[in-house]
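> sequence isn't available, so here's the structure alone:
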C-alpha cells in the first residue's frame, strides 16, 4: 500500500475555495485562499500544487461533503486528473483536523462565556463565540436568580 507524503484539505464555498497542504494533521505547510471555484481556479490549484512538488502520486485530497459546492466540479476535476480524492462527512473532517485554523478556548473561558450569555437570557452559539472572542467573558455577571446549565 502506497503511503502519501502530502494531504491537501479543500474548504469549498460557492464563489471560491481554500487549499492547505499538510504533512501531519496539526501543521499545515502552506495555505492558498480565494481560489476561484471554477475551471480556471481548478487549473490554478493544480499549478500551485505543482509548484510545491505535489502530484497525484504523492498526495491525497480531502474535502467536506457540505453540498453541491464540494461534490460537483472540483471533486470530479481532480478525480479525472488522477488525484485520489475523498469527500468526507463534515464531522469526520472536523475531528481529524480540529483545531487547525480555528480558535479554541479553554473550558474555563467557555464556561464563563456561557454564564455571561445566560445572564442576558441568550443561549445562541454565535453569541457565546463572540463573548469568547472579544474577551467579555471576564466581566462581572449578576443573576437575579440562580441559573442552571450544563457543562462538559
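Okay, I see it. Quick caveat: nothing in here was measured; it's all calculated off a predicted structure. Residues are numbered from 1 along each chain as shown.
> show me what contacts residue 73?
37, 38, 39, 42 (Cβ atoms under 8 Å, 6 or more residues apart in numbering). (Glycine included, C-beta is placed from N, CA and C.)
> leaving out sequence neighbours, find the closest residue to the last one.
Ranked by Cβ to Cβ, 6 or more residues apart in numbering and with sequence neighbours excluded, the top spatial neighbour of residue 42 is residue 77, at 4.7 Å.
> follow-up on the earlier one: would you turn the contacts of residue 73 into TSV with distance to residue 54, neighbour count and pLDDT?
What follows is the contacts of residue 73, written out as TSV (distance: Cβ to Cβ, whole Å; neighbours: other Cβ atoms under 10 Å; pLDDT from 0 to 100):
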residue	distance to residue 54	neighbour count	pLDDT
37	20	20	90
38	21	13	90
39	20	11	91
42	15	19	94
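> the domain parsing of the chain - what is it?
Segmentation of the chain into domains, based on automatic domain parsing, reads 6-97, 104-152.
> out of those domains, which gets the lowest mean score?
Lowest mean pLDDT within the domains of the chain: domain 104-152, at a mean of 71.
> coming back round to it: am I right that the residue nearest to residue 42 is in a helix?
Yes. Assigned with DSSP: H, G, I helix; E, B strand; the rest coil, residue 77 falls within a helix.
> and the gap between it and residue 110?
Shown here: residue 77 relative to residue 110, a distance of 40 Å by Cβ to Cβ, to the nearest Å.
> repeat that for residue 12.
Taking Cβ to Cβ as the measure, residue 12 and residue 110 are separated by 29 Å.
> who's more crowded, the two?
Ranked by neighbour count (other Cβ atoms under 10 Å), residue 12 and residue 110 place residue 12 first, with 24 against 17.
> was I right to think that one contacts residue 66?
Yes. Counting by Cβ atoms under 8 Å, residue 12 touches residue 66, with 7.0 Å between them.
> for this protein, which segments count as helices?
For the chain, the helices defined by DSSP state H cover 39-51, 68-71, 73-80, 90-97, 107-119, 125-134.
> any idea which of these gets closest to residue 140?
helix 107-119 (9.2 Å; Cβ to Cβ).
> so how far is the closest one from its chain's centroid?
Distance of helix 107-119 from the chain centroid (Cα atoms, centre = their mean, to the nearest Å) equals 24 Å.
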